[in-house]
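Peer 1: Quick one: sequence and predicted model below, then my questions.
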Amino acid sequence: MPDSLTDRDLIAGVLPETDLFARVYESLAPAVLGYFGARGVDDPEALMQDVFLSVLPRIGEITGGVAGLRTFVFSVAHARVVDYYRRVERRPRSVDYDPLLDLRAVPSAEAEALVRTGQTDAHLLIGALKPEQRDVLMLRIVGELSVEDVASVLGKTPGAVKQLQRRGLKALREIVSEGVMAQ
């Protein structure tokens with residue numbers, strides 16, 4: 001390799017600074033790039049550039065010739081790899097969300113509380129009605145009472161019970177069709 005780096009090149013003033021930087025970079029960059037590639041970093045070129053941005057201004061301080069420079073370059077490269085993996089470990093893994101693949105299902109705290117207290121979505125729907133409508137529907141459906149029996153229990157006429165039942169059922173249909181109640 002005709003442009004290989006020598007100990008003499010590293011002596012201050014032998015080469016112009018730009019030529020020295022070019023020679024150091026050309027000599028060591030492929031090995032540093034290979035090191036980063038072997039260590040599995042995501043962007044080895046960017047990390048390599050970072051190493052040389054740190055090393056080149058300090059070339060005049062390095063002792064030990066080319067071997068000392070190589071040791072220094074790879075100590076900086078190793079430190080960058082360690083830093084890289086520390087960052088990767090601290091950073092949460094980013095994964096695109098796909099709702100079709102997400103099989104998690106967690107009930108809301110409200111739903112869980114209602115289930116524990118024995119209440120269900122039907123209780124929530126019925127609870128959204130006016131009290132008289134709720135009473136009529138509960139007696140008709142849950143109590144399985146006739147219109148006449150409900151009228152007797154509530155002290156109303158059978159016509160009033162039918163009207164409250166009709167309005168209550170209509171209100172329930174509207175609530176369900178509007179999707180007001182979460183499931």
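Peer 2: That came in fine, so what should we check first? A quick note: this is a predicted structure, and the numbers were derived from the prediction, not measured. Numbers count the residues shown, from 1 in each chain.
Peer 1: which helices and strands does the longest helix anywhere in the chain pack with?
Peer 2: The longest helix of the chain (DSSP state H) is helix 65-90. Here helix 65-90 touches helix 17-39, helix 44-55, going by 3 or more Cβ pairs under 8 Å, 6 or more residues apart in numbering; DSSP states H and E. Yep, even glycine has a C-beta here, placed from its N, CA and C like the rest.
Peer 1: Out of those helices, which gets nearest to L172?
Peer 2: Nearest to L172 among these is helix 44-55 (62.0 Å), distances taken as Cβ to Cβ.
Peer 1: buried stuff in that closest one?
Peer 2: Using 16 or more other Cβ atoms under 10 Å as the test for burial, helix 44-55 gives P44, L47, M48, D50, V51, F52, V55.
Peer 1: quick one: average confidence on it?
Peer 2: For helix 44-55, the mean per-residue pLDDT is 93.
Peer 1: coming back round to it: just put the helices and strands packed on helix 65-90 in JSON lines and tack on distance to R93.
Peer 2: Listed next are those as JSON lines, based on distance: least, Cβ to Cβ, whole Å:
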{"stretch": "helix 17-39", "distance to R93": "19"}
{"stretch": "helix 44-55", "distance to R93": "20"}
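Peer 1: Of all those, which one is nearest E89?
Peer 2: The nearest among those, by Cβ to Cβ, is helix 17-39 at 14.3 Å.
Peer 1: Residues touching that closest one, excluding its own?
Peer 2: 3-5, 9-10, 14-15, 44-45, 47-48, 51-52, 55-56, 59, 66, 69-70, 73-74, 77, 80-81 (Cβ atoms under 8 Å, 6 or more residues apart in numbering).
Peer 1: chain center to that helix: distance?
Peer 2: Its chain's average C-alpha position is 37 Å from that of helix 17-39, according to Cα atoms, centre = their mean, to the nearest Å.
Peer 1: quick one, it and helix 65-90 angle?
Peer 2: Counting by axes from the mean of the first three to the mean of the last three Cα atoms, to 10 degrees, helix 17-39 points 50 degrees away from the direction of helix 65-90.
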